[in-house]
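Visitor: My questions are about this predicted structure, shown below with the sequence.
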Amino acid sequence: MRWFWIDRFEEFVRGRRAVARKCVALSEEALDGYSPGFPSIPSTLVLEGMAQTAGLLIGEMGGFAQRVVLAKIGRAVFHFPARPGDTLRYTADILDVKGDGAMASVTSHVDDRLQGEVEMMFAFLDDRFPSGPLFEPVDFVAMIRAFSMYDVGRTPDGERIELPPFYADAERAAQAGYAPTPSPVVAGGN
Amino acid sequence: MAVTKDEVYKKVQFALCEALGVDEEEVTPQATMIGDLGAESIDFLDIVFKLEKAFGIEIPRKELSPEDILTSAEFVQDGKVTPAGMAELKRRMPFVDFAKFAADPLVRNFSNLLTVGDLCRYVESKVGAA
């Protein structure tokens, strides 16, 4: 199971705001048994999607060089359950950033109805923790590419944002080592 | 207009209630942040964010967390803060009452030193409360 709790970014403005979409589907295993007879996405997984939206927004500010972790949820209110077929729209706004961490306000909407509102605090792991990236660089790039982050990402001045050099190098190295498997279909066969 | 000490106290109290999920009655000037109010290390970052916003001030990490002093070979020997270290702590954190800590200055005792009253005095010094 992939731990992706957003499907795609719609808007991404460096250091300010990100909007991501999450389509709730009955095929998702997480809905099984959560609320029998009334399938809905668990609020904890809505929180995870909100944290992924805000966390990537905060991490991108520093070129994903800092290790950003969700440290605390100060306030969380959910107004109604989101059901299969609903599209959740998460909007994360950065409230404050310091050397140790950042605060973000995140809302969740279904159409124009406010579904949830949360205040989240993220911490930047310092040298008290083991060093190194939290994710394999190639896997991380594949994830943020899948989220369309660099398709919609812009600076506050409207310029396109680019993959940081460290991750771009990792992506190029992976692509260089990729050898397509020959097709088992025989040309001209039927 | 200068902020009064009472206004500082009310805002600090509100920030602590929000950050730590405690009741107003628990937030007394004598209450220690960790022992009495249950603050964990990550809560201090949250409290700093809230106080900065509430008072429009900037709180550098070193002013509330003198980790550099408490981990310095110059200021700590055999797990105890040396007289030079005590002087440095008092210089850095004049808003803290060090009387009890000075009697047995074990580094491990430092974490439960800060009280709500200390925090209020710190904010008062930043905003120039009357």
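Guide: Here it is on my side, so go on.
Visitor: quick one: buried residues of the lowest-mean-pLDDT helix or strand in chain B?
Guide: Ranked by mean pLDDT, DSSP states H and E, the weakest helix or strand in chain B is helix B:61-64, scoring a mean of 84. Of all the residues in helix B:61-64, those buried under the rule 16 or more other C-beta atoms under 10 Å in any protein chain shown are residue B:64. All C-beta atoms are positioned from the backbone trio N, CA, C, and that covers glycine.
Visitor: Following the chain past it, name the next helix or strand.
Guide: helix B:67-70 (DSSP states H and E).
Visitor: pLDDT of that next one, averaged?
Guide: Across helix B:67-70, pLDDT averages out at 87.
Visitor: Which secondary structure elements does that helix sit against?
Guide: helix B:83-92 (3 or more C-beta pairs under 8 Å, 6 or more residues apart in numbering or on different chains; DSSP states H and E).
Visitor: Please name every helix or strand in contact with the biggest helix by length in chain A.
Guide: Among the segments of chain A that qualify as a helix by DSSP state H, the longest is helix A:43-61. Counting contacts by 3+ C-beta pairs under 8 Å, 6+ apart, helix A:43-61 packs against strand A:8-13, strand A:17-23, strand A:68-78, strand A:87-97, strand A:101-110, strand A:113-124.
Visitor: The shortest one: partners in the sheet, and parallel or antiparallel?
Guide: Meaning strand A:8-13. strand A:17-23 (antiparallel), strand A:153-154 (parallel) (DSSP bridges).
Visitor: Next, format these as JSON lines and append mean pLDDT and mean neighbour count.
Guide: Shown next, in JSON lines, are the strands paired with strand A:8-13 (pLDDT from 0 to 100; neighbours: other C-beta atoms under 10 Å in any protein chain shown):
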{"stretch": "strand A:17-23", "mean pLDDT": "98", "mean neighbour count": "22"}
{"stretch": "strand A:153-154", "mean pLDDT": "98", "mean neighbour count": "18"}
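Visitor: Spell out which parts of chain B neighbour chain A.
Guide: By C-beta under 8 Å from any C-beta of the partner chain, the residues of chain B that approach chain A are B:18, B:19, B:42, B:43, B:45, B:46, B:48, B:49, B:52, B:53, B:61.
Visitor: Okay, and which of those map to helices?
Guide: B:18, B:19, B:42, B:43, B:45, B:46, B:48, B:49, B:52, B:53, B:61.
Visitor: Just the buried ones out of the residues you listed, please.
Guide: The buried subset of these (16+ other C-beta under 10 Å) comprises B:18, B:19, B:43, B:45, B:46, B:48, B:49, B:52.
Visitor: Which two among those are spaced furthest apart?
Guide: Using C-beta to C-beta, the pair of these lying farthest apart is B:43 and B:52, separated by 14.7 Å.
Visitor: which parts of chain A sit against chain B?
Guide: Checking chain A against chain B by C-beta under 8 Å from any C-beta, the hits are A:71-72, A:74-75, A:95-96, A:98-101, A:103, A:121, A:123.
Visitor: So the most centrally placed residue in chain A versus chain B, what's the distance?
Guide: The residue lying closest to the centre of chain A (C-alpha atoms, centre = their mean) is residue A:52, at 3.6 Å. For residue A:52, the distance to chain B equals 20 Å [C-beta to the nearest C-beta, to the nearest Å].
Visitor: Please verify my assumption that that residue contacts residue A:7.
Guide: No - applying C-beta atoms under 8 Å as the test, residue A:52 and residue A:7 come out as separate, 10.6 Å apart.
Visitor: Retrieve the pLDDT associated with the spatially closest residue to residue A:68 that is not a sequence neighbour.
Guide: Leaving aside its chain neighbours, residue A:68 sits nearest to residue A:59 (4.4 Å; criterion: C-beta to C-beta, 6 or more residues apart in numbering or on different chains). pLDDT for residue A:59: 95.
Visitor: Low-confidence stretches in the chain?
Guide: The chain I'm using is chain A. Scanning chain A for pLDDT under 70 picks out the ranges A:1, A:127-133, A:186-190.
Visitor: hmm, I had chain B in mind actually
Guide: B:1.
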